[in-house]
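Visitor: With the input below, show me the fold.
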Amino acid sequence: MTEDNHEVEITPEQTEHIVTFSMSTGNEDLDECAKVLKENNWDLDRAVNATLAGTSGPPSPISAPQTATETTASVSNIINLSDDEEFPENFIRRRRPPMEESLDHDDVPPPPPIGPELQPDLTLTGSTVARRPSGTVITMLVSFMSLAVRSPWFLVKNTFSLVSSWWRNLGPELTPAQQVDEFAIKFNKKYDDSEITWMKCPYNAAVNAVRSNLRPVIVYLANELKTEKSDNFAQLLVALNKSISGRIDFWGCDIISPEAVRTADQVKATIFPCVLILGLHKDKQSIIWRTALDNIDIEDLKLQVERAEAELVTARHEAQVRQMDRSLREQQDAEFERTMEADRKRLEEARLKKESEERKLLEAEEKKKLVKRKLTETRERKISARNNLAVEPENGIRLQFKLPNGAKFIRKFVVEAPISDIFLYVESLEDSPGECFISSVFPVRKITPSETRSLAELGIKNNDQLMIQAVELFSSDEDESDESD
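Guide: Take a look at the predicted model:
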């Protein structure tokens with residue numbers, strides 16, 4: 001560089017602009033690069049565009065704005081002009097930025113350029129030099145050596161910052177949600193009046209939240225190295241949150257984090273800090289609007305948010321209608337299910353009642369059959385007993401029998417006769433109860449047909465009275481139920 005340039009100390013940021021400008025244009029002459037940047041007031045984008053367009057010399061009839069303020073004013077005014085309106089002479093006609101962009105990687109166009117839309121001419125014209133890979137490496141080496149010679153203090157400072165940053169980043173990488181949460185904590189701590197509630201999720205989850213919450217999402221890709229722009233954007237977002245709180249969601253991340261880099265690549269953002277508005281367009285999550293200008297008016301930003309809300313209002317209404325229909329269907333289904341359950345209970349009760357009645361009929365039928373069978377068996381036993389009963393002896397003990405119906409009978413038996421002869425005699429009687437057992441009055445005892453001892457062994461003597469007790473075929477409970485039926 002010349003002696004005049006050595007007199008003015010170049011800051012590290014300006015040195016970075018010189019290196020970036022040299023790598024972007026392929027010009028290895030650092031003095032020439034510094035000169036071009038000074039002519040463009042150290043505006044790197046404008047200097048690169050002017051150099052690639054071959055306009056680093058005298059300005060063309062449609063010249064680029066000379067300051068960043070003029071660039072911002074021009075872009076802000078041009079955005080709202082229609083294609084048929086005429087631009088002022090000192091304005092530059094720029095390509096209208098796309099207002100609605102799909103979030104699909106293939107559909108998202110690059111952000112609108114600042115300055116006239118010109119194709120870069122990489123041929124050697126004027127001060128423009130074609131880029132060469134070897135030249136890039138040489139330029140970087142020369143730049144670092146020049147920085148070490150001219151500004152050793154800044155070189156040491158930047159090296160220390162680089163080592164410190166590397167040391168802080170040691171350890172496992174934070175998850176995307178943790179990176180976003182870390183940015184939110186730093187933002188709210190730096191701006192105490194901020195009441196922004198940041199979404200603590202990856203970018204893709206924030207995109208899905210547009211459809212689930214039906215609210216626009218403000219995406220803020222911060223750049224802590226650009227303090228002034230970051231402060232302007234922060235004040236803008238804080239003011240927007242206070243103005244329309246509850247109607248929008250905020251998602252943000254610093255460009256130094258991997259999640260922000262992935263997000264910038266996904267939305268094809270190249271200038272930071274920047275703000276994007278996510279909404280719905282044709283029932284798809286889309287980028288409705290974006291800007292990298294930090295001095296836009298809050299009313300313009302609110303207008304873009306309201307524009308993003310327009311289709312969301314329709315979607316929200318449709319969602320409410322769907323919710324009402326869903327609730328109505330659920331109520332109808334619940335009422336139908338309740339009716340069906342009542343019908344099932346009624347049918348089940350009718351079925352159980354019918355089965356109970358049929359079971360009672362079957363039991364009654366079985367009971368009748370059993371009684372009939374018992375009567376038949378009793379009649380057959382009577383006939384058999386009469387045929388097998390021995391003749392009454394002339395000499396023997398005299399016994400009295402009393403049947404359940406009150407009838408009394410007297411008969412003689414041999415003392416040595418088994419007790420079975422007495423049961424055989426009772427069965428032969430016409431009023432015999434059928435199955436029965438014998439009980440004596442004194443001493444009181446019960447004699448069953450299974451007894452095998454003789455009369456003498458049982459202690460039955462002359463003129464003893466024996467009570468004949470019938471064996472009940474059914475319980476008293478069954479008899480009572482039959483009577484109730």
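Visitor: mind showing which ranges of this protein have poor pLDDT?
Guide: The model of the chain has pLDDT under 70 over residues 1-9, 53-137, 139-140, 143-144, 146-151, 154-155, 158, 161-162, 164-172, 473-485.
Visitor: what does stretch 440-456 rub up against?
Guide: Stretch 440-456 has contacts (C-beta atoms under 8 Å, 6 or more residues apart in numbering) with 397, 413-420, 422-423, 437-439, 458-460, 464-467. The way it works is simple: take the backbone N, C-alpha and C, and place the C-beta from them, glycine included.
Visitor: Pull the number of nearby residues for Ala334.
Guide: Close neighbours of Ala334, defined as other C-beta atoms under 10 Å, add up to 10.
Visitor: Just the contacts of stretch 440-456: which are in strands?
Guide: Of the contacts of stretch 440-456, the ones assigned to strands by DSSP state E are Ile397, Phe413, Phe437, Ile438, Ser439, Gln465, Leu466, Met467.
Visitor: Help me confirm that the fifth one comes into contact with Gln469.
Guide: So that's Ser439. Yes: with contact defined as C-beta atoms under 8 Å, Ser439 counts as touching Gln469 (5.8 Å).
Visitor: before we move on, back to that, for PyMOL, what selects the buried ones among the ones in strands among the contacts of stretch 440-456?
Guide: Under the burial definition 16 or more other C-beta atoms under 10 Å, those of those that qualify are selected in PyMOL by:
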select buried, resi 397+413+437+438+466+467
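Visitor: Closest to Ile185 out of the ones in strands among the contacts of stretch 440-456?
Guide: Proximity of these to Ile185 (C-beta to C-beta) peaks at Phe437, which lies at 98.0 Å.
Visitor: what pairs with that closest one across the strands?
Guide: Beta bridges link Phe437 to Gln469, judged by DSSP bridges.
Visitor: for it, what are its contacts?
Guide: Residues in contact with Phe437 (C-beta under 8 Å, 6+ apart) are Lys446, Ile447, Thr448, Pro449, Gln469, Val471.
Visitor: Assumed Phe409 was part of a strand.
Guide: Yes: assigned with DSSP: H, G, I helix; E, B strand; the rest coil, Phe409 falls within a strand.
Visitor: and the gap between it and Ile10?
Guide: 147 Å (C-beta to C-beta, to the nearest Å).
Visitor: Between these two, tell me which one has more neighbours.
Guide: Between Phe409 and Ile10, counted using other C-beta under 10 Å, Ile10 has the larger neighbour count: 20 against 15.
Visitor: does that one count as helix, strand or coil?
Guide: The local conformation at Ile10, judged by three-state DSSP, is coil.
Visitor: That one contacts Asp31, correct?
Guide: No: using C-beta under 8 Å, Ile10 is not in contact with Asp31, being 11.3 Å away.
Visitor: Which parts of the chain are strands?
Guide: Here the chain has its strands, by DSSP E, at 101-102, 217-222, 249-254, 274-281, 284-291, 397-402, 408-413, 436-440, 445-447, 465-470.
Visitor: could I get those as CSV with distance to Asn388?
Guide: Output for the strands of the chain, formatted as CSV (distance: least, C-beta to C-beta, whole Å):
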stretch, distance to Asn388
strand 101-102, 111
strand 217-222, 109
strand 249-254, 107
strand 274-281, 107
strand 284-291, 106
strand 397-402, 18
strand 408-413, 15
strand 436-440, 18
strand 445-447, 20
strand 465-470, 19
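Visitor: Quick one: distance of the longest helix seen in the chain to the chain centre.
Guide: Using DSSP state H, we find that the single longest helix of the chain is helix 298-388. How far helix 298-388 lies from its chain's middle: 33 Å, per C-alpha atoms, centre = their mean, to the nearest Å.
Visitor: Quick one: list the elements packing against it.
Guide: With contacts taken as 3 or more C-beta pairs under 8 Å, 6 or more residues apart in numbering; DSSP states H and E, helix 298-388 sits against helix 227-243, strand 274-281, strand 284-291, helix 419-428, helix 476-484.
Visitor: Contact partners for the closest residue to Gln400 other than its chain neighbours?
Guide: Residue nearest to Gln400 in three dimensions, not counting chain neighbours: Gln465, with 4.5 Å by C-beta to C-beta, 6 or more residues apart in numbering. By C-beta under 8 Å, 6+ apart, Gln465 lies in contact with Leu399, Gln400, Phe401, Lys402, Ser440, Val441.
Visitor: and which of those residues is nearest to Arg46?
Guide: Closest approach to Arg46 among the contacts of Gln465 (C-beta to C-beta): Ser440, at 135.9 Å.
Visitor: What count of nearby residues applies to the closest residue to Pro202 other than its chain neighbours?
Guide: Spatial nearest neighbour of Pro202, chain neighbours left out: Pro176 (3.9 Å); criterion: C-beta to C-beta, 6+ apart. Neighbours of Pro176 under the rule other C-beta under 10 Å: 21.
Visitor: List only buried entries from the contacts of Phe437.
Guide: Neighbour-count burial (16+ other C-beta under 10 Å) applied to these gives Ile447, Pro449.
Visitor: from the contacts of Phe437, which is closest to Val275?
Guide: Among those, Val471 lies closest to Val275 (C-beta to C-beta), at 103.0 Å.
Visitor: Distance of the closest one relative to Pro404?
Guide: Counting by C-beta to C-beta - Val471 and Pro404 are separated by 11 Å.
Visitor: any residues in contact with both of these two?
Guide: Contacts common to Val471 and Pro404, judged by C-beta under 8 Å, 6+ apart, are Pro433, Cys436.
Visitor: re the thing from before, the longest helix of the chain to strand 284-291, inter-axis angle?
Guide: Orientation of helix 298-388 against strand 284-291 (axes from the mean of the first three to the mean of the last three C-alpha atoms, to 10 degrees) gives an angle of 160 degrees.
Visitor: now helix 298-388 against strand 217-222, angle please.
Guide: Inter-element angle recorded for helix 298-388 and strand 217-222: 120 degrees (by the same axes, to 10 degrees).
Visitor: Can you report how many residues neighbour the closest residue in space to Leu424 that isn't next to it in sequence?
Guide: Leaving aside its chain neighbours, Leu424 sits nearest to Ala385 (4.8 Å; criterion: C-beta to C-beta, 6+ apart). By other C-beta under 10 Å, 17 other residues sit near Ala385.
Visitor: show me what contacts Ala385?
Guide: Per C-beta under 8 Å, 6+ apart, neighbours of Ala385: Leu424, Tyr425, Glu427, Ser428.
Visitor: any idea how far Val267 is from the residue nearest the centre of the chain?
Guide: The C-alpha lying nearest the average C-alpha coordinate of the chain belongs to Ser212 (C-alpha atoms, centre = their mean; 11.5 Å). From Ser212 across to Val267, the span is 20 Å (C-beta to C-beta).
Visitor: do Glu318 as well
Guide: To Val267, Glu318 is 27 Å away according to C-beta to C-beta.
Visitor: thinking again about what came up before, to Glu365, which of the strands of the chain lies closest?
Guide: Across the strands of the chain, Glu365 has its closest neighbour in strand 465-470 (23.4 Å, C-beta to C-beta).
Visitor: picking up where we left off before, wait, which of the strands of the chain is closest to Glu357?
Guide: Nearest to Glu357 among the strands of the chain is strand 465-470 (31.1 Å), distances taken as C-beta to C-beta.
Visitor: domains of the protein?
Guide: Taking automatic domain parsing as the criterion, the chain consists of the domains 3-64+116-168, 176-320, 389-478.
Visitor: could these go into CSV alongside distance to Glu355?
Guide: Below are the domains of the chain laid out as CSV (distance: least, C-beta to C-beta, whole Å):
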stretch, distance to Glu355
domain 3-64+116-168, 81
domain 176-320, 51
domain 389-478, 19
